[in-house]
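Visitor: Let me see the structure of the following:
(2 chains)
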Amino acid sequence: MANSIGFGARYLAIGAYFGFVLVKSEVLSWYRIQEMFRFHSFHMYGVIGTAVLVAALSIWLVRRYQLRSLDGEPIAIRAFEAGWRRYVFGGVTFGLGWALTGACPGPIAALIGAGLTGFTVVLAAAVLGTWAYGQVRTRLPH
Amino acid sequence: MSTILDVLRGPWPWYVAGPLIGLTVPVLLGLGKRFGLSSNLRHMCAVVPAARRNAFFAYDWRREGGWNLLVFLGIAIGGFVGGVLLANPEPLAVAEPTTRALAAQGLAVDGALAPAALFSWSSLFTLRGFVVMVLGGFLIGFGTRWAAGCTSGHAISGLAELQWPSLLAVVGFFIGGLVATHLVLPLVLGL
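Guide: Below you'll find the model as predicted:
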């Protein structure tokens, strides 16, 4: 890794920006996730929908004009491997955890920073879950 | 009249917050990186020497994931600035039908970002708190690596790239979330 202070600082800054928006939009809230899965509020659908729209527009521009990154490299959009099992089974497993904890990896970090330190337990359990996947992955359908 | 401080305290409506979240994707693309946060859970395993006995975790985590771990750390800093320094002084408002449904299952809305009855340190020693925090966290970590992405990598980056696997994963996320909310959570809250 290119070890300059500027290198690290810009990723920290992007994360801080993202974490700040997660708090202000309240999408890191367990209650907002409950409203979403009970179809009681449009908020989460609006946030995710418009986020995807803006991201899709940027990716369309990258592809259309073959844009390069700041260091001059072509931006490659890598394709996920083919198949369906890992996405459906893994997706359902993740969804169960998403609704129970009301958080996914980004919001977990933001919640810890926001002072809900109990989410360090959720983070530790999530790391353990990823480790466990690594132990049994060759026996799972992909 | 709303001041800058009022705006910074939030909350922000979806049509402001959504595009701001989406902008993370082109900003990272400009640095040659793809937005996706669950890889950090794998990198955290790869940091631990004992875990590296498994080939799945035996890679150069600084080179592969150093940048993303910094993003992850930055998110916690942003959470601190937004949730502590510039915290919204108002209690979090929850939709009336959700409040009623949760009350019927024995959980009172408490105005925090997440209910203290489930996510405080003392609730870790209750059965329902333990199940929600530990089992819920485990399922996140296991499922996201199995599915090769989470909300950021599939629901935002992957859908924006028009990738079929990401649509499958997001449908899976939603099925799992509906099952957890309507079938599992009522049981867990009764523990």
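
Visitor: need the contact list for residue 76.
Guide: I'll assume chain A. For residue A:76, no contacting residues are found, by Cβ atoms under 8 Å, 6 or more residues apart in numbering or on different chains. All C-beta spots, glycine's among them, are computed from the backbone N, C-alpha and C.

Visitor: that's the wrong chain, I wanted chain B
Guide: Contacts of residue B:76 by Cβ under 8 Å, 6+ apart are A:15, A:19, A:109-110, A:112-113.

Visitor: Most widely separated two among those?
Guide: Within the contacts of residue B:76, two members stand farthest from each other by Cβ to Cβ: A:15 and A:112, at 12.7 Å.

Visitor: Check whether stretch B:83-101 comes near chain A.
Guide: Yes: Stretch B:83-101 comes into contact with chain A (Cβ under 8 Å from any Cβ of the partner chain), by way of B:83-84, B:87-88, B:92, B:94-98, B:101.

Visitor: hey, which helix is longest across chain A?
Guide: When chain A is parsed with DSSP state H, its longest helix is helix A:43-65.

Visitor: what do you get for chain B?
Guide: Per DSSP H, chain B has its longest helix at helix B:61-80.

Visitor: I'd like the next helix or strand past it.
Guide: Next along the chain after helix B:61-80, taking DSSP states H and E as the criterion, comes helix B:96-104.

Visitor: ok, residues contacting the following helix or strand past that following helix?
Guide: For helix B:96-104, the following helix or strand on the C-terminal side (DSSP H and E) is helix B:116-119. Helix B:116-119 is contacted by residues A:30, A:116, A:118-119, A:122, B:107-108, B:110, B:123, B:128-129, B:132-133 when judged by Cβ under 8 Å, 6+ apart.

Visitor: let's see it at 10 Å
Guide: The contact list for helix B:116-119, computed with Cβ atoms under 10 Å, 6 or more residues apart in numbering or on different chains, reads A:30, A:100-103, A:111, A:116-119, A:121-122, B:106-108, B:110, B:112-113, B:122-124, B:126, B:128-133, B:136, B:185, B:188-189.

Visitor: Please convert the buried members of these into PyMOL selection syntax.
Guide: This is how PyMOL selects the buried members of those, with burial counted by 16 or more other Cβ atoms under 10 Å in any protein chain shown:
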select buried, (chain A and resi 30+100+101+102+103+111+116+118+119+121+122) or (chain B and resi 107+112+113+123+128+129+130+131+132+133+136+185+188+189)
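
Visitor: In strands, which of the contacts of helix B:116-119 fall?
Guide: Nothing among the contacts of helix B:116-119 maps onto strands, per DSSP state E.

Visitor: Restricted to helices, list the contacts of helix B:116-119.
Guide: A:30, A:100-101, A:111, A:119, A:121-122, B:128-130, B:136, B:185, B:188-189.

Visitor: Tabulate the residues you listed (a markdown table), appending pLDDT and distance to residue B:52.
Guide: Formatted as a markdown table, the ones in helices among the contacts of helix B:116-119 follow (pLDDT from 0 to 100; distance: Cβ to Cβ, whole Å):
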| residue | pLDDT | distance to residue B:52 |
| --- | --- | --- |
| A:30 | 98 | 34 |
| A:100 | 98 | 30 |
| A:101 | 98 | 27 |
| A:111 | 98 | 29 |
| A:119 | 98 | 26 |
| A:121 | 98 | 24 |
| A:122 | 98 | 24 |
| B:128 | 96 | 35 |
| B:129 | 97 | 32 |
| B:130 | 97 | 29 |
| B:136 | 98 | 27 |
| B:185 | 97 | 36 |
| B:188 | 97 | 35 |
| B:189 | 95 | 39 |
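
Visitor: Tell me the one of those residues nearest residue A:38?
Guide: residue B:185 (10.2 Å).
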